[in-house]
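**Q** Fold the following.
(chains A and B)
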Number of protein chains: 2
Amino acid sequence: MCAELTQNLAKFATGPLVVSSAARLVTSLSMLDWLAVGRAGVDEPVARIIRARALNEGGAGRAHLFGTSTTVPARMAALVNGTTSHALDYDDTHFAHIGHPSVAVIPAAMAMAEQRDLTRAEVSEAALMGMELSIRVGLWLGRAHYQAGFHMTATAGAFGATAAAGRLAGLNTEQMAHALGLVATRAAGLKAQFGTDGKPYNAGLAATAGVEVAQLVAAGLTANPQAMEREFGFGATHHGEGNTDRALTGLGDVWLFEGVSHKFHACCHGLHAALEAARDLDIAAPEIAEMTVTTSPRWMDVCNQPSPDTGLGAKFSYRTVLAMRALGHDTARLDSYSAAICTDARLVALRERIKVQPDTSLSETETILAVLRRDGARLEAHHDLAIPMALAVRQDRVRTKAVGLIGADAVDQAWGMLRSGGARATGFARLMAGSSQG
Amino acid sequence: MCAELTQNLAKFATGPLVVSSAARLVTSLSMLDWLAVGRAGVDEPVARIIRARALNEGGAGRAHLFGTSTTVPARMAALVNGTTSHALDYDDTHFAHIGHPSVAVIPAAMAMAEQRDLTRAEVSEAALMGMELSIRVGLWLGRAHYQAGFHMTATAGAFGATAAAGRLAGLNTEQMAHALGLVATRAAGLKAQFGTDGKPYNAGLAATAGVEVAQLVAAGLTANPQAMEREFGFGATHHGEGNTDRALTGLGDVWLFEGVSHKFHACCHGLHAALEAARDLDIAAPEIAEMTVTTSPRWMDVCNQPSPDTGLGAKFSYRTVLAMRALGHDTARLDSYSAAICTDARLVALRERIKVQPDTSLSETETILAVLRRDGARLEAHHDLAIPMALAVRQDRVRTKAVGLIGADAVDQAWGMLRSGGARATGFARLMAGSSQG
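**A** Prediction:
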């Protein structure tokens, strides 16, 4: 028996949702995290350029942008906010399909909700549903799709953005199938853009695609409602594995989104497991005689710069970030990574006592950190990012990260809105402007 | 030796052009044809919906839309005009790569030129260059790309639209390479949309992608300038054959665009060779005892409805369109195809004397038409659409088609502008509004 992919996704996207309290809390954390990394990203060149374009075009619309209090049409807001919130690459990640769910979906949901003056609670529900759907589309596409060269954040993300925006646009199940079919013709994004402005732009493209197709289908446009799974469709053309069962198992009952990872260090994701292991051991620089990092070979040519001398280089260096942490620098803050820290005498001395080695038995999310203390004791910590953090810990850490990025006042305001039901989406959206008005 | 694809395309797109007089004339014909089919398409549902969306959003911009005199931002105009001009599927086709070059590229060139108040001559030059580039990108991608399920009009077209818009935005060669690299991350369009509103939307997406990436790169955005041909790039991910030599041979000297085919019948392209063969024989209904159509098997399940009873059905029926022509109906006019003609007694009687048969030795562009006259004479005509029509004949026929669609006054105005050098692009664009103001 072959289950109909799009039909099942469309029913899920338009039907009543039974949301676990854990999924609800994690959604709130992702919305806070998204707000913080988006506001922190407004001065990145790619964010400035795309925001200027939006302000230049203007148009009738009431959706807010990161970094300004001017409002624009929903479609444009989704493009700008998707790009801006991915500009620092500091947003959340889901390892089931390897994608960043929030930056494609939340901007689409926020923009559509503002345009239609819906509540913040409606945004959260639609965003959770859309992010869950993007993860499941990612599972349907499978690793082959990612390995061929597609940026899952953008491809799977466009379907999630469409589901979220479509739900908030009031599409019925049949219309939702048309919207998912229509976005199949434009869901796109290449890994060839990694390391360039094209990477965050991919996230913006996914978000704006979701808003635009939802609006067009709401206005009567029709498409092939099976353009995801049928001949000449998205899966067939985009190296999809077609794991329909994997995508649909537990849909509506199990919230895979609960397993999303938030980033707690403003550096390459390959370094995070090592930093978490260091956090578990909690050893300060003076105690360290030697330190050995054992990690997946995949990261050796990604983030193992031995002795960088710039802030950007530091973000791709095991030795540097571990030395920073041992010396008490906060690896969650953007301004911790600098040329100055790279040449600090204490850091350089400690860095020389840190060794990095690959081990093929470790997955991409695992790292083992071994420390020889000056007193002769040997300590070891193994950390796997794929094992979800306890919710209370996660809440505390997302809050701490957000405070570091946008300050306690903004975080308290945002959290108050996220934990209350009735406020309008626009109230939350006003927090996106922040202090930069560029 | 491996020639660098993007680098060569970027040089071509930004350098001085040596344009043959034939290429110049065919470009004018394609611009007239595009104007006519775009204006004729304004009342199609997909055109109405997307135009309404643009007018609803508004924004600061001076680019015209088909079907209204209101102007909008260039990016939006390209989306609406690309979609509208492909809505009737009556625009030009290039068989080298099987794509519709004009509907992706001309809307991008027109919108960018209006936004920057350039001349009509600059538009024509950029449009020709962009259409040529889209054909060559199509050759680079090869048949494997089309057969996998990609709509070449949209995928190859997005690169052509980018080149045209980028040239008019004043990009230098390095910026053009970034623009082509950036659009590689969003060039998209599935054949799964054929027969739905998604097909013309694909053309609009290509056009708007070209305008947007040109604007962003002009403002400073950067991308992977080799995202077309390198690892995890467009070719590798999209079943491209990577025929670099084929794409680059004669670039700048030979204008493949000269071989573009205009459609002279408002029905499925599979019927055109048969209608041209009938035109060559020029036999009226009373003389026909029997008629036999021999055609590529490819068309047998596309446009061989034996006895349709609707206007849409007639557009996919060899027997019906050949009978229409023999009875003196103009197959170039949209209103010739109707339920009434399908049940006309004379047509039904004639249709019964027409036989259709497949022949694997014929290409998709060939048809043989054999007629047995009542006087016993046997006549046969072979027509191949791939053999270009003499320029003078082509000019006459494009004019006749355009007059049938938008009237002689509009055609004369447009042609006057197309054959003079100095007028502003906006003058030509004003003709797009036509009479419908919906």
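**Q** Just the strands from the stretch 51-200 of chain A, written as ranges.
**A** Ranges of strands in the stretch 51-200 of chain A, per DSSP state E, counting those that start in this stretch, are A:63-65, A:68-72.
**Q** Quick check: which of those strands has the most neighbours on average?
**A** strand A:63-65 (a mean of 26; mean count of other C-beta atoms under 10 Å in any protein chain shown). The C-beta positions use only the backbone N, C-alpha and C, and glycine is treated the same way.
**Q** partners of that one, with directions?
**A** Applying DSSP bridges, strand A:63-65 is found paired with strand A:68-72 (antiparallel).
**Q** Residues contacting the strand it pairs with, please?
**A** A:51, A:54-55, A:57-59, A:61-65, A:77, A:80, A:114, A:430, A:433, A:436-438 (C-beta atoms under 8 Å, 6 or more residues apart in numbering or on different chains).
**Q** What subset of those is buried?
**A** Buried residues within these, counting neighbours by 16 or more other C-beta atoms under 10 Å in any protein chain shown: A:51, A:54-55, A:57-59, A:61-65, A:77, A:80, A:114, A:430, A:433.
**Q** Most widely separated two among those residues?
**A** Using C-beta to C-beta, the two most remote members of the buried ones among the contacts of strand A:68-72 are A:Glu57 and A:Arg430, lying 21.4 Å apart.
**Q** mind listing what A:Lys315 touches?
**A** Taking C-beta under 8 Å, 6+ apart, we find A:Lys315 in contact with A:Ala266, A:Cys267, A:Cys268, A:Leu271, A:Cys303, A:Val321, A:Tyr337.
**Q** ah, wrong one, I meant A:Leu55
**A** Here A:Leu55 is in contact with A:Leu65, A:Thr68, A:Thr70, A:Val72 (C-beta under 8 Å, 6+ apart).
**Q** For the strands of the stretch 51-200 of chain A, give me TSV that also has mean pLDDT.
**A** Shown next, in TSV, are those (pLDDT from 0 to 100):
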stretch	mean pLDDT
strand A:63-65	97
strand A:68-72	96
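**Q** Just send those back as JSON lines, with distance to A:Ser261 too.
**A** Shown next, in JSON lines, are the strands of the stretch 51-200 of chain A (distance: least, C-beta to C-beta, whole Å):
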{"stretch": "strand A:63-65", "distance to A:Ser261": "27"}
{"stretch": "strand A:68-72", "distance to A:Ser261": "30"}
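**Q** Tabulate the contacts of A:Lys315 (JSON lines), appending secondary structure.
**A** Below are the contacts of A:Lys315 laid out as JSON lines (DSSP: H, G, I helix; E, B strand; the rest coil):
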{"residue": "A:Ala266", "secondary structure": "coil"}
{"residue": "A:Cys267", "secondary structure": "coil"}
{"residue": "A:Cys268", "secondary structure": "coil"}
{"residue": "A:Leu271", "secondary structure": "helix"}
{"residue": "A:Cys303", "secondary structure": "coil"}
{"residue": "A:Val321", "secondary structure": "helix"}
{"residue": "A:Tyr337", "secondary structure": "coil"}
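**Q** From those, list the buried ones, please.
**A** Members of these classed as buried by 16+ other C-beta under 10 Å are A:Ala266, A:Cys267, A:Cys268, A:Leu271, A:Cys303, A:Val321, A:Tyr337.
**Q** any idea how far the closest residue to the second one other than its chain neighbours lies from B:Phe316?
**A** By the measure of C-beta to C-beta, 6 or more residues apart in numbering or on different chains, the closest residue to A:Cys267 outside its immediate chain neighbours is A:Lys315, 3.9 Å from it. A:Lys315 is 59 Å from B:Phe316, where distance means C-beta to C-beta, to the nearest Å.
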